[in-house]
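Asks: Below are the sequence and a predicted model; questions follow.
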Amino acid sequence: MDDLELGSDQGSHIAEQVRTDRLQQLFRQSGAAVFGSYMAAVMLCWLCWDRFDHTVVVGWIALLTVSTLLRIWMFIGYFRSPVTERTPKRWERKYWCTLVLSAGIWGAGALAVIPAHDLLAQAMVMLFTVGMSVSAVACYSAYRNMTMLSIGLVLLPCSTWLLFQPSTLQEGMALAVFVFASFVASATRRMSDALETAFRLTREMERENRLSIRAARTDELTGLKNRRAFFDDAHQLYSECKSNGSVLCAVMLDMDHFKHINDSYGHQVGDQVLRQVGAVISASIRKNDVHGRLGGEEFAILLPDTSIEVATSIAQELMQAIAGLKAEPADRITASLGVASSDFTDDSLYSLMNNADRALYRAKSYGRNQVAVAQ
Ligand SMILES: Nc1nc2c(ncn2[C@@H]2O[C@H](COP(=O)(O)OP(=O)(O)OP(=O)(O)O)[C@@H](O)[C@H]2O)c(=O)[nH]1
């Protein structure tokens, strides 16, 4: 989409970019969580092997293996896909599904393995679930709701169960976990807000930068390249043609008796004529040609890989198209053009342009509304 045309859409365009940035951040940050959560469950089962029911442990680890493989498969798919396809629309829902599945299995599995009468094992399980919650803040901070949901799914089953156990130690453990979870929740909100602000500001700055670069290179009246941008691109094209050994032609175009148009019909009509001439030039040139408004009523075009004969016939077509323009109330609009070709022995873009300029002033002196070729 053209940035200058964004208008009222620019807010939603930036919002969409910020969403994409958050998704990218999520995938980059949370890769470790996929292995981390699996390894945490394996380590917990290893440490409490003698205290847990082995059948439940095997079932839990098997389910976690499946959900972890699913997540790895999704990560590979994301990082292998072209950047243009890494959109929130395509990936957010998949991420949510795999996250809910794996956090749900983690929380439900922890509840299933927790032994009813073994305080030490219960404390170990809670230690691991709390550790998982802290990691969730670090990994999913780009998506606040994801952090909250994964913490809830991992922490809530065991801590709620503990809350309804007879011992005050168990109740105290559950309450401590809830207090801790509320701190984590508020830290998560601050982190995700700060991240979102950083992404938005970066995108806004990038956009402003692009707009100001474009404004600095564009002629406001005609939308063509201005003098500075024309010469920037012209120097590059000249060097490319010189090193390729291809012919480069220059066409200089100057409106005839433009002062008369301004004086007779006013500057607004003059401006309208310049806009129309700019549109005629833009419509006549090829993608690789470089064209621009050098100032006033003077335009320049560089035609790479073009013989002087072809450049002359392009200039003649331009002259005829301009003579056919209607810009009421101005009755007669014409331009004179000069064409020159570079054999690169002169070694300078400026001498090519000067040759075209001299030809242009010969066209003027021969009566205007014509094309002259440099001798
Ligand atoms: N409307 C309008 N006029 C401009 C602009 N820039 C320069 N001009 C006018 O273009 C006119 C150029 O006049 P001259 O240099 O005498 O050239 P000319 O009248 O076209 O005469 P020849 O080139 O000899 O045919 C001046 O009146 C400038 O004020 C512009 O952006 N808009």
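Replies: Received it, and whenever you're ready, just let me know what you need.

Asks: quick one: residue 108 and residue 154 touch, right?
Replies: No: counting by C-beta atoms under 8 Å, residue 108 sits too far from residue 154 to count as a contact (9.6 Å). The way it works is simple: take the backbone N, C-alpha and C, and place the C-beta from them, glycine included.

Asks: Specify which residue of those two has the higher count of neighbours.
Replies: Neighbours were counted for residue 108 and for residue 154 using other C-beta atoms under 10 Å; residue 154 has more, 29 against 16.

Asks: For that one, give its distance to residue 336.
Replies: 79 Å (C-beta to C-beta, to the nearest Å).

Asks: now do residue 267
Replies: From residue 267 to residue 336 the distance is 22 Å (C-beta to C-beta).

Asks: So for those two, which residue has more residues nearby?
Replies: More crowded of residue 267 and residue 336, by other C-beta under 10 Å: residue 336, with 26 against 10.

Asks: Spatially, what comes nearest to the more buried one if we skip its sequence neighbours?
Replies: Nearest in space to residue 336, with sequence neighbours left out and distances taken as C-beta to C-beta, 6 or more residues apart in numbering, is residue 363 at 4.0 Å.

Asks: and that neighbour, backbone torsions?
Replies: phi -60, psi -40 (degrees, to the nearest 10).

Asks: same thing with the one 4 residues further on?
Replies: Torsion angles at residue 367 (phi, psi; degrees, to the nearest 10) stand at phi 120, psi 0.

Asks: begin at 772 from here
Replies: From this message on, residue numbering opens at 772, which makes the last subject residue 1138.

Asks: separation between whichever residue of the stretch 972-1121 of the chain sits closest to the ligand and residue 1096?
Replies: Of all residues in the stretch 972-1121 of the chain, the one sitting closest to the ligand is residue 1041 (2.6 Å; C-beta to the nearest ligand atom). Noted for residue 1041: a distance of 13 Å to residue 1096, by C-beta to C-beta.

Asks: Over to residue 848?
Replies: 55 Å.

Asks: what about the two, which has more around it?
Replies: Counted by other C-beta under 10 Å, residue 848 and residue 1096 do not tie: residue 1096 has more neighbours, with 17 against 13.

Asks: got a list of what the closest residue to residue 1120 other than its chain neighbours touches?
Replies: Ranked by C-beta to C-beta, 6+ apart and with sequence neighbours excluded, the top spatial neighbour of residue 1120 is residue 1009, at 4.3 Å. Residue 1009 makes contact with 1019, 1073, 1113, 1120, 1123, according to C-beta atoms under 8 Å, 6 or more residues apart in numbering.

Asks: Likewise for residue 956?
Replies: With contact taken as C-beta under 8 Å, 6+ apart, residue 956 is in contact with 919, 922.

Asks: Please compute how far the longest helix seen in the chain lies from its chain's middle.
Replies: Using DSSP state H to define each element, the chain has its longest helix at helix 939-988. With C-alpha atoms, centre = their mean, to the nearest Å as the basis, helix 939-988 stands 21 Å off its chain's centre.

Asks: Quick check: next helix or strand after it?
Replies: helix 998-1015 (DSSP states H and E).

Asks: Pull out the buried positions in that following helix.
Replies: Going by neighbour count (16 or more other C-beta atoms under 10 Å), the buried part of helix 998-1015 is 1000, 1001, 1002, 1004, 1005, 1008, 1009, 1012.

Asks: That'll do, ta.
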